[in-house]
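Enquirer: What follows is a predicted protein model with its sequence.
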Amino acid sequence: MSEKTLTPRPSSLDRDAFVAQYGEIYEHSPWVAELTWERGLTSEQDTPAGLAEAMGQTLREAPPEQQLAVIRAHPDLAGKAAIAGDLTDDSTREQAGAGLDQCTPEEMARFERLNAAYKEKFGFPFVMAVKGSDRHAILAAFETRLDNDADEERRTAIEQINRIAHFRLEARGEG
């Protein structure tokens, strides 16, 4: 079975239309879409996997300061924004899909402690592609990743963000 083609085809869009369609794939970071479009799109980028790879490459090649800005644009997992209903639609669906909206008070307190410890150590929120995961696996990953050094964790967060983008593009390809 071949992968679905995104509609409209990304390679057929002008810059403004492309950014309007794909600018929010990366949380509050439309520059990723802008720069990806400027690098040039071919029919290879008309599938979710192809576009995810091109956009992911843009982010992987960005200077660390720009990468950190993208990481910092992400909400805490099971954090105050989720409780207040202030997440993007994509983030709300992703966190609910992993059961983060069903945490016990003890799990919520653990998320709050881990979010605080993580931000204290790294200066940015913990980011994980939670699709297909559950709150127990996420909490375990949190604790494991707290042992990383700052550069390793920045790279890990970027790869997780690229996975999130891929999942978001796949969801659009199913529509």
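Expert: Sure, I can see it.
Enquirer: Got phi/psi on the residue lying closest to residue 5 once chain neighbours are set aside?
Expert: With sequence-adjacent residues excluded and distances taken as CB to CB, 6 or more residues apart in numbering, residue 5 is closest to residue 46, at 5.0 Å. Using the backbone N, CA and C atoms, a C-beta is placed for each residue, glycine as well. Torsion angles at residue 46 (phi, psi; degrees, to the nearest 10) stand at phi -90, psi 0.
Enquirer: What count of nearby residues applies to residue 46?
Expert: Close neighbours of residue 46, defined as other CB atoms under 10 Å, add up to 20.
Enquirer: Verify the contact between it and residue 4 for me.
Expert: No - taking contacts as CB atoms under 8 Å, residue 46 lies outside contact range of residue 4: 9.6 Å.
Enquirer: In the protein, what helix or strand scores lowest on average pLDDT?
Expert: When each helix and strand of the chain is scored by mean pLDDT, DSSP states H and E, helix 80-84 comes last, with a mean of 61.
Enquirer: which residues of the chain fall in strands?
Expert: In the chain, no segments count as strands under DSSP state E.
Enquirer: burial of residue 98, as a residue count?
Expert: For residue 98, the count of nearby residues is 22 (other CB under 10 Å).
Enquirer: Give me the pLDDT for residue 123.
Expert: You'll see residue 123 listed with a pLDDT of 96.
Enquirer: what does residue 31 give?
Expert: 98.
Enquirer: Then residue 93?
Expert: Taking residue 93 on its own, its pLDDT is 81.
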